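S.K.: dropping the sequence and predicted coords here.
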Amino acid sequence: MTADTTVKYQVRKAVEEMPQDVTFEEVMERLYFLYKVDQGLKQVETGNTISHAEATKQIKIWQE
């Protein structure tokens, strides 16, 4: 998806690509997934990321 693609276009495209017998739950899951991907891409653009080493360190702490 390009930066100039509107949210409305993205939502319409996602729904249109789904099978005819899709459930509301499946639609909502797909839209939430697209939302989270968009958030992640925005974080990368702004430099709001952590290194692989830092992520590994945090995961080890969570597992304790």
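M.R.: Yep, that arrived. Residues are numbered from 1 along each chain as shown.
S.K.: low-confidence regions, this protein specifically.
M.R.: Low-confidence segments of the chain, defined by pLDDT under 70: 1-4.
S.K.: and with 90 instead?
M.R.: 1-5 (pLDDT under 90).
S.K.: quick one: secondary structure of residue 40?
M.R.: At residue 40 the chain is in helix, as set by DSSP: H, G, I helix; E, B strand; the rest coil.
S.K.: how near is it to residue 11?
M.R.: Using C-beta to C-beta, to the nearest Å, residue 40 is found at 18 Å from residue 11. From N, CA and C alone the C-beta is placed, and that goes for glycine too.
S.K.: more crowded one of those two?
M.R.: residue 11 (15 against 12; other C-beta atoms under 10 Å).
S.K.: check the offset of the helix or strand containing that one from the chain's centre.
M.R.: Secondary structure from DSSP states H and E places residue 11 in helix 7-16. Counting by C-alpha atoms, centre = their mean, to the nearest Å, helix 7-16 is centred 14 Å from the centre of its parent chain.
S.K.: mind listing what's buried along that helix?
M.R.: Buried residues in helix 7-16, counted by 16 or more other C-beta atoms under 10 Å: none are found.
S.K.: stretch 24-43 too?
M.R.: 30, 34.
S.K.: alpha carbons only: can I get it in PDB?
M.R.: C-alpha atoms of stretch 24-43 as PDB (Å, rounded to 0.1, in the frame of the first residue of the first chain):
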ATOM      1  CA  PHE A  24     -18.300 -10.100  10.900                       C
ATOM      2  CA  GLU A  25     -15.600 -11.500  13.200                       C
ATOM      3  CA  GLU A  26     -13.400 -12.300  10.300                       C
ATOM      4  CA  VAL A  27     -13.800  -8.900   8.800                       C
ATOM      5  CA  MET A  28     -13.000  -7.200  12.100                       C
ATOM      6  CA  GLU A  29      -9.900  -9.400  12.600                       C
ATOM      7  CA  ARG A  30      -8.700  -8.500   9.100                       C
ATOM      8  CA  LEU A  31      -9.300  -4.800   9.700                       C
ATOM      9  CA  TYR A  32      -7.600  -4.900  13.100                       C
ATOM     10  CA  PHE A  33      -4.600  -6.600  11.500                       C
ATOM     11  CA  LEU A  34      -4.300  -3.900   8.800                       C
ATOM     12  CA  TYR A  35      -4.600  -1.300  11.500                       C
ATOM     13  CA  LYS A  36      -1.800  -2.800  13.500                       C
ATOM     14  CA  VAL A  37       0.400  -3.100  10.400                       C
ATOM     15  CA  ASP A  38      -0.200   0.500   9.600                       C
ATOM     16  CA  GLN A  39       0.700   1.500  13.100                       C
ATOM     17  CA  GLY A  40       3.900  -0.500  12.900                       C
ATOM     18  CA  LEU A  41       4.900   1.100   9.600                       C
ATOM     19  CA  LYS A  42       4.300   4.600  11.000                       C
ATOM     20  CA  GLN A  43       6.600   3.700  14.000                       C
END
